[in-house]
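Turn this into a model:
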Amino acid sequence: MPKPKKPRKRYKARPVYANASELAMNSVTKLSADEVEQGAAAAEHSFDQFADGVEPAFHWAVMAEAMNVAEQLAAERICSDEASRQTIADAQKALARLHQQHKVLGSWAMWDDDRKALAAGIDLHRLQLTLCDYAEYRRAIETVIRRMKAARAGNVSKGTTILEACN
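So this is what the prediction gives:
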């Protein structure tokens, strides 16, 4: 008995670009100094606000997002040496420690080691932003979003720690 055919995929119109080479050139252009400053300043501001105790849950989430993007940029070979990967891992561990501490004790207080690890991670993220282009940055953000959606749906690899922002 023959297998039933799968229904055809519905047609989705894709965008058509009049000048594909211009689109390609724009995507390999480095981020402008203003865009680098804006991206890095958000994480730096959150670090300062977190240290001052202003809306710590929100600022923790901003720093976690920055470190996830930094991790993905390193996976795309932007500041991907062993020391840089360790810096990102240390910053993520500091965020995980802070999250656990808040869950157990209700405190967002940072230890000096956490402060140093997060500061180094944010500095590395700024460097990554100066080195990446639009396409790499967009891919990193889209990958982080996709990974977080998959993690929330329960599809995570073994050994992965998922931290949700908490109030």
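
can you map out the strands along the protein?
Listed in chain order, the strands of the chain (DSSP state E) amount to none at all.

who's in contact with the residue most central in space within it?
Geometric centre of the chain, nearest residue: residue 69, 2.3 Å, by Cα atoms, centre = their mean. The neighbours of residue 69, taking Cβ atoms under 8 Å, 6 or more residues apart in numbering as the test, are 125, 140, 141, 144. C-beta: built from backbone N, CA, C; applies to glycine.

Repeat that for residue 90.
Contacts of residue 90 (Cβ under 8 Å, 6+ apart): 117, 120, 121.

The last one contacts residue 70, doesn't it?
Yes. The pair formed by residue 121 and residue 70 meets the contact definition of Cβ atoms under 8 Å, at 6.5 Å.

neighbour count winner among those two?
residue 70 (29 against 26; other Cβ atoms under 10 Å).

Could you list the buried residues of the biggest helix by length in the chain?
Secondary structure of the chain per DSSP state H: the longest helix is helix 82-105. Using 16 or more other Cβ atoms under 10 Å as the test for burial, helix 82-105 gives 84-85, 87-88, 90-95, 98-99, 101-102.

which of the residues you listed lies closest to residue 75?
Taking Cβ to Cβ as the measure, residue 85 is the one of these closest to residue 75, at 9.1 Å.
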